[in-house]
Every structure is written in C-alpha cells, then in structure tokens.
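[1] Fold the following for me, if possible:
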Amino acid sequence: MSRSYTRWLIPILIIVAAAIWVVLPTNPGIHIGSYHRDIKIVQGLDLQGGLQVLLEADLPPGEDVSAEQMQTARDIIERRVNALGVSEPLVQVAGSNRILVELPGIGNPEDAVGVIKETGLLEFIQIPANEFIPSGTIVETDYLTGRVPETETDDDSAQPTPTPETSPGFVIPGAPEATAEPTPVTGEGSAEPTESPAPTTPVYTTVMTGAIIKNAYVSRDQTTNELIVAFDLTDEGSDIFGDYTTNHVGEILGIVLDKRLIAAPKISTPITTGSGYIEGQFSAEEANNLAVTLRYGSLPVALVTVETKSVGPTLGQDSLRKSTIAGFVGLLVVMVFMALYYRLPGLLADLALLVYAVITFSLFKLIPVTLTLPGIAGFVLSLGVAVDANVLIFERMKEELRSGLRLRQAIDLGFSRAWPSIRDSNLSTLITCGILYWFGNTFGASIVKGFSLTLALGVLVSLFTAITVTRTFLHIVLDNIKIADHPRWFGI
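    Next up, the predicted model:
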C-alpha cells in the first residue's frame with residue numbers, strides 16, 4: 001500500500017510545482033518557438049475600473065425586436081469593442097431588448113459609447129451643385145423614409161469652382177476646413193450659398209449606402225502623410241459607384257454617416273477601381289473609430305444608452321485589497337478549525353487545502369478567468385466546500401475507529417462510505433453553478449456568471465484534493481509513523 005500511494009505522490013508533487021510556477025508574480029509566461037503566451041491575472045471591470053454601458057433597442061411603439069436581431073447587434077458590438085483594443089470586454093444580451101457592455105480599463109468613455117451604439121448607416125447622397133452644407137450638419141434623406149426629394153430648379157450651368165486635388169481618385173475630406181465650398185455663381189437660376197438650414201428641411205436623394213463597403217481601415221496619405229480612412233467596395237458596389245461617378249463628374253456627392261454629413265466633395269474623375277478614402281485632420285483615435293464603424297457595418301436596430309456607469313481604478317484596487325484580506329482570513333480560520341478538531345487528519349487536510357488554493361488560482365490564470373469581486377467571493381466560498389468533503393470523510397473514519405476497526409481499515413472505509421455523499425453534494429453544486437452561469441449569459445447578470453464560474457472550478461479541484469491528495473498524505477504518514485495505538489491523534 002505504501003508503494004501504491006508513493007506513486008500517487010509523484011504526480012501530485014509535479015502538479016503542485018507547476019501550479020506554483022504559474023501563480024508566481026514574476027512568471028515570464030510560455031515562450032516556445034513561435035508560441036508565445038503571457039500568464040497573468042485578468043481583472044474585471046469592478047477591480048481595475050472602466051465603463052459599464054446598458055443599451056436598449058430604440059423601436060417605434062408597437063414594434064418588437066427579434067432575438068436574432070439582438071444577437072446580431074451583440075456580435076457587431078463585440079467586434080467593434082475588440083477592434084478598439086479594450087482588454088477582456090464583456091458584451092452580452094440582457095433580457096429581450098437590452099445589451100450589457102463592460103469595458104475594463106477604458107480611457108475615453110464618451111468615444112467608446114459612441115462607437116458601440118453607432119448604427120453605422122453610411123449614405124452617399126446627391127447634393128445640388130450650388131448648395132453648401134457644412135460638415136457635421138444633420139440632413140434628411142429619402143432612404144427608408146418614403147419622402148420624395150424636392151425638385152431642383154437651379155440652372156444646370158451652376159457648378160462649384162473646382163478645388164485642387166491632393167491625389168488621383170475620389171477624395172472625401174473628413175473635416176469642415178477640408179470641405180470644398182462652391183464659389184457663388186451669378187446669373188439666372190443661381191443661388192447664394194447659405195450656412196443656415198432653409199425653413200423647409202430638404203430631403204436628399206440617397207445614391208447608395210454603406211452596404212457597398214467591403215472593408216475599411218486606417219492608412220496614411222502618401223503625399224501628405226496624414227491619416228485617412230480607406231475603404232474597399234464590393235463587386236456590386238464598385239459597379240454602382242463607377243457608373244454614378246462616371247455620369248456625374250463635376251457634381252457634389254455628400255458623405256453622410258447616421259444622417260450627419262461628413263463631407264461634400266466634388267467628383268473630379270470617374271472612379272472605377274472599387275476603392276476610395278475619407279481624408280481630414282483625423283487623430284489616430286478618430287480615424288480608428290470611423291474605420292471600425294464602417295468595417296463592421298450597421299446594427300440591425302438602433303440602440304439608446306439606458307445607463308452608463310464608470311468605475312474608478314482606485315475603488316477597484318481598494319476592493320481587491322479588502323477581498324484578498326478576507327480570503328486569507330477565511331483560509332486561516334478554516335485551517336485552524338480543522339487542525340484543532342481533527343488533529344492529524346486535520347493538519348493533512350490543511351496541507352491539501354493549500355494545494356487546492358494553489359491549483360485553483362493557477363487555473364484562473366491559465367484559462368484565464370476574469371476575476372471580479374463576485375468571482376473572488378465564489379473562490380472564498382469554495383474554500384469551505386473544499387474541506388466539506390474532508391469533514392464527511394473524517395467523521396466516518398472516527399465512527400469506524402470507535403467500532404474497533406484498525407486505523408488503516410478505518411481510513412479506507414471512511415473514504416469509500418463518504419464518497420456517495422461527497423459525489424451527490426458536489427454534483428448538485430455543479431448543477432446549480434451551471435444554471436447560474438446560463439442565467440448570467442441569458443439575462444446579462446455578469447455578476448452571477450463570474451461567481452458561478454469560480455465556484456464550479458473550485459468544486460472540481462476540491463474533489464481532486466479531498467479524495468486523492470488528502471488520502472495519499474494520510475497513508476504516507478501512517479506508513480512511516482507508528483501512531484496506530486494513539487487515537488487522540490484522530491480526535492477520539
């Protein structure tokens with residue numbers, strides 16, 4: 001029997017050594033050949049600070065949003081958030097018409113919220129040649145509105161003064177100062193450019209929409225070295241765009257994003273290459289946000305912000321410190337109780353409990369599990385679950401010893417007879433964790449989700465440490481220390 005449990009001791013020591021290496025703060029990560037993996041603690045929103053946004057579908061009265069539309073919106077928002085470079089974001093559908101977004105460590109909440117809920121509807125609209133509209137102006141289009149654009153009475157000879165071209169192709173300025181302003185043309189049928197909207201809001205014709213865009217990305221102008229947002233068109237979009245620009249050379253084509261005019265450039269030459277770009281005095285963040293919005297298309301439903309909650313990193317770190325102290329105090333209290341009440345088996349159970357804590361924490365870093373305050377609470381609770389199996393085993397051992405069985409027989413019978421209770425109790429806990437995790441995904445209860453995940457991992461590891469590690473330690477000690485005639489060592 002000694003040889004059998006000695007064999008168990010070797011893999012246990014290997015697992016413990018590997019777990020200790022993983023949990024070391026100075027862990028360098030895994031770097032083997034072309035495979036590189038950093039091993040670090042991933043903190044959730046409530047620990048490192050950040051932004052939590054609750055979005056709701058904005059629908060006309062009497063209309064409902066489908067589950068498929070909400071899932072599509074969630075997927076698009078998740079891609080947008082990932083493209084923003086946010087670490088470990090959480091995006092999930094909450095209820096039937098809401099989406100919960102958590103952005104740990106976010107630096108600019110306003111811009112992030114704008115990109116998240118942007119519908120991303122890009123329209124190319126036809127603007128009369130003699131009309132000037134400043135960039136940023138909200139315009140009304142006939143796309144999906146059913147309204148008919150007003151008939152233009154301007155003379156066909158009224159054309160804007162050509163502007164210098166910075167590079168061949170279709171140039172779309174992205175800032176008001178870069179937008180070409182037509183020079184007033186005198187004569188019959190001409191109109192003076194105005195910067196204030198007319199009393200009757202005009203409706204502009206949508207020539208094409210952003211559905212023709214296949215890809216969008218940030219680049220630099222080879223001449224000016226300024227940031228631009230370049231886009232590629234689909235095959236169908238390339239044909240539509242090519243035909244229109246061929247037939248409307250010298251005219252103005254407005255670029256509208258979510259009914260807000262980005263620019264109103266002049267079509268200088270036919271564009272048949274299937275690509276274009278938006279230029280302007282962009283910052284890196286502005287250019288990236290615009291590219292993300294265009295690249296991942298429009299949301300199937302408009303979203304409004306119901307609640308925005310910012311969490312400061314100072315509050316998160318203070319909560320982490322207090323939670324860590326609570327965890328250590330809880331672990332110490334459990335270990336003292338086990339040692340005083342169960343004597344030698346309790347001391348060995350304490351050693352197994354330390355093994356449990358190291359293995360569980362190493363799994364949190366390896367998977368990785370995003371640690372939140374509820375997740376830490378689940379881990380602390382799992383410490384009690386970890387010794388629960390040992391309590392059942394040791395009580396059965398004491399019963400067998402009182403009935404007159406020898407020590408080694410009492411240990412084996414204690415483990416075997418306590419196993420059904422241990423199995424059933426842990427299985428019921430795992431089922432409960434599964435239900436909590438599912439509800440956390442379905443209804444946006446991320447707090448419950450983190451709690452259930454850490455608790456479930458703790459239960460699984462505790463089965464290994466209680467049944468295998470504690471039993472191995474007991475047999476090794478009994479085979480090397482003659483204490484069969486001293487029942488006081490076992491609390492009897």
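
[2] where exactly do the strands run in the stretch 351-492 of the chain?
    370-371 (DSSP state E, counting those that start in this stretch).

[3] how distant is the longest helix along the chain from the center of its chain?
    With secondary structure taken from DSSP state H, the chain has its longest helix at helix 313-366. From the chain centre to the centre of helix 313-366 is a distance of 29 Å (CA atoms, centre = their mean, to the nearest Å).

[4] what helices or strands is it leaning on?
    Under the contact criterion of 3 or more CB pairs under 8 Å, 6 or more residues apart in numbering; DSSP states H and E, helix 313-366 touches helix 2-23, helix 45-48, helix 373-402, helix 446-464, helix 470-480. Using the backbone N, CA and C atoms, a C-beta is placed for each residue, glycine as well.

[5] Try it again at 10 Å.
    Using 3 or more CB pairs under 10 Å, 6 or more residues apart in numbering; DSSP states H and E as the contact test, the elements touching helix 313-366 are helix 2-23, strand 42-43, helix 45-48, strand 370-371, helix 373-402, helix 446-464, helix 470-480.

[6] From the rest of the structure, what touches the first one?
    Contacts of helix 2-23 from elsewhere in the structure, counted by CB atoms under 10 Å, 6 or more residues apart in numbering, are 27-30, 39, 41, 352, 354-366, 461, 464-465, 468-469, 471-476, 478-480.

[7] Buried ones only from the residues you listed, please, as a PyMOL command.
    Command for PyMOL, covering only those of the contacts of helix 2-23 found buried under the criterion 16 or more other CB atoms under 10 Å:
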select buried, resi 39+41+352+355+356+357+358+359+360+361+362+363+364+365+461+464+465+469+471+472+473+474+475+476+478
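
[8] Can you tell me the SS state at residue 214?
    Following DSSP: H, G, I helix; E, B strand; the rest coil, the label given to residue 214 is strand.

[9] circling back to that earlier point, can you tell which of the helices and strands packed on helix 313-366 is closest to residue 251?
    helix 45-48 (49.4 Å; CB to CB).

[10] Using PDB, list the CA coordinates for the next helix or strand after that closest one.
    Counting by DSSP states H and E, the next helix or strand C-terminal to helix 45-48 is strand 50-57. Listed next in PDB are the C-alpha coordinates belonging to strand 50-57 (Å, rounded to 0.1, in the frame of the first residue of the first chain):
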ATOM      1  CA  GLY A  50     -13.700  51.100 -16.500                       C
ATOM      2  CA  LEU A  51     -17.100  51.600 -18.100                       C
ATOM      3  CA  GLN A  52     -20.300  49.700 -18.000                       C
ATOM      4  CA  VAL A  53     -23.000  50.600 -20.600                       C
ATOM      5  CA  LEU A  54     -26.500  49.300 -20.800                       C
ATOM      6  CA  LEU A  55     -28.000  49.700 -24.300                       C
ATOM      7  CA  GLU A  56     -31.700  49.200 -25.300                       C
ATOM      8  CA  ALA A  57     -33.300  48.800 -28.700                       C
END
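
[11] Mind splitting the chain into its structural domains?
    In terms of domains, the chain is parsed into 2-29+36-42+312-490, 50-117, 122-280 (source: automatic domain parsing).

[12] Turn those into a markdown table, including distance to residue 292 and mean pLDDT.
    What follows is the domains of the chain, written out as a markdown table (distance: least, CB to CB, whole Å; pLDDT from 0 to 100):
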| stretch | distance to residue 292 | mean pLDDT |
| --- | --- | --- |
| domain 2-29+36-42+312-490 | 23 | 85 |
| domain 50-117 | 5 | 81 |
| domain 122-280 | 8 | 68 |
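
[13] okay, these in JSON lines with distance to residue 301 next?
    Formatted as JSON lines, the entries for these read as follows, by distance: least, CB to CB, whole Å:
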{"stretch": "domain 2-29+36-42+312-490", "distance to residue 301": "17"}
{"stretch": "domain 50-117", "distance to residue 301": "5"}
{"stretch": "domain 122-280", "distance to residue 301": "13"}
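
[14] re earlier: so can I have CSV of the helices and strands packed on helix 313-366 showing distance to residue 61?
    Putting the helices and strands packed on helix 313-366 into CSV (distance: least, CB to CB, whole Å) gives the following:
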stretch, distance to residue 61
helix 2-23, 55
strand 42-43, 42
helix 45-48, 34
strand 370-371, 38
helix 373-402, 37
helix 446-464, 30
helix 470-480, 63
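
[15] between the ones you listed, which one is nearest to residue 95?
    Of all these, helix 446-464 sits nearest to residue 95, with 13.3 Å by CB to CB.

[16] Show me what counts as buried in that closest one.
    With burial defined by 16+ other CB under 10 Å, the residues of helix 446-464 counted as buried are 446-459, 461-464.

[17] Kindly report the same for stretch 58-72.
    Of the residues in stretch 58-72, those buried by neighbour count under the rule 16+ other CB under 10 Å are 65, 69-70.

[18] try stretch 134-142
    By neighbour count on 16+ other CB under 10 Å, the buried set for stretch 134-142 is 135, 137, 139, 141.

[19] Give me the distance between the two termini of that stretch.
    Distance between the two ends of stretch 134-142: 20 Å, counting by CA to CA, to the nearest Å.

[20] From the chain's centroid, how far away is that stretch?
    33 Å.

[21] do the same with stretch 396-408
    Using CA atoms, centre = their mean, the mean C-alpha position of stretch 396-408 is found 54 Å from that of the whole chain.

[22] Repeat that for stretch 403-423.
    Taking the mean C-alpha point of stretch 403-423 and that of its whole chain, the gap between them comes to 47 Å (CA atoms, centre = their mean).

[23] ok, now stretch 130-147?
    If you compare the mean C-alpha spot of stretch 130-147 with that of the full chain, they lie 35 Å apart, counting by CA atoms, centre = their mean.

[24] Residue 438: which of the buried residues of stretch 58-72 is nearest?
    Within those, the smallest distance to residue 438 is 17.0 Å, found for residue 70 (CB to CB).

[25] Please, which helix or strand holds the closest one?
    With elements delineated by DSSP H and E, residue 70 resides in helix 67-83, which encompasses its position.

[26] now that helix and strand 50-57, what's the angle there?
    Using axes from the mean of the first three to the mean of the last three CA atoms, to 10 degrees, one finds that helix 67-83 and strand 50-57 are set 150 degrees apart in direction.

[27] For the residue nearest the centre of the chain, what are phi and psi?
    Centroid-nearest residue in the chain, with CA atoms, centre = their mean: residue 89, separated by 2.2 Å. Torsion angles at residue 89 (phi, psi; degrees, to the nearest 10) stand at phi -70, psi 160.

[28] OK, contacts around it?
    45, 50-51, 77-78, 80-82, 101-106, 112, 116, 370.

[29] Show the buried residues in those.
    When burial is judged by neighbour count using 16+ other CB under 10 Å, the buried members of the contacts of residue 89 are 45, 50-51, 77-78, 80-81, 101-106, 112, 116, 370.

[30] neighbours around residue 37, how many?
    Taking other CB atoms under 10 Å as the neighbour definition, residue 37 ends up with a count of 9.

[31] now residue 250
    For residue 250, the tally of surrounding residues (other CB under 10 Å) stands at 12.

[32] cool, and the one 3 residues further on?
    Counted with other CB under 10 Å, residues neighbouring residue 253 total 21.

[33] next one: the one 5 residues further on
    In terms of burial, residue 258 registers 15 neighbours under the definition other CB under 10 Å.

[34] Quick check: the gap between it and residue 140.
    In this view, residue 258 and residue 140 are 12 Å apart by CB to CB, to the nearest Å.

[35] List the buried residues in stretch 323-334.
    323, 327, 331, 334.

[36] OK, contacts around the first one?
    For residue 323, the residues meeting the contact criterion (CB under 10 Å, 6+ apart) are 47, 371-373, 375-377, 379-380.
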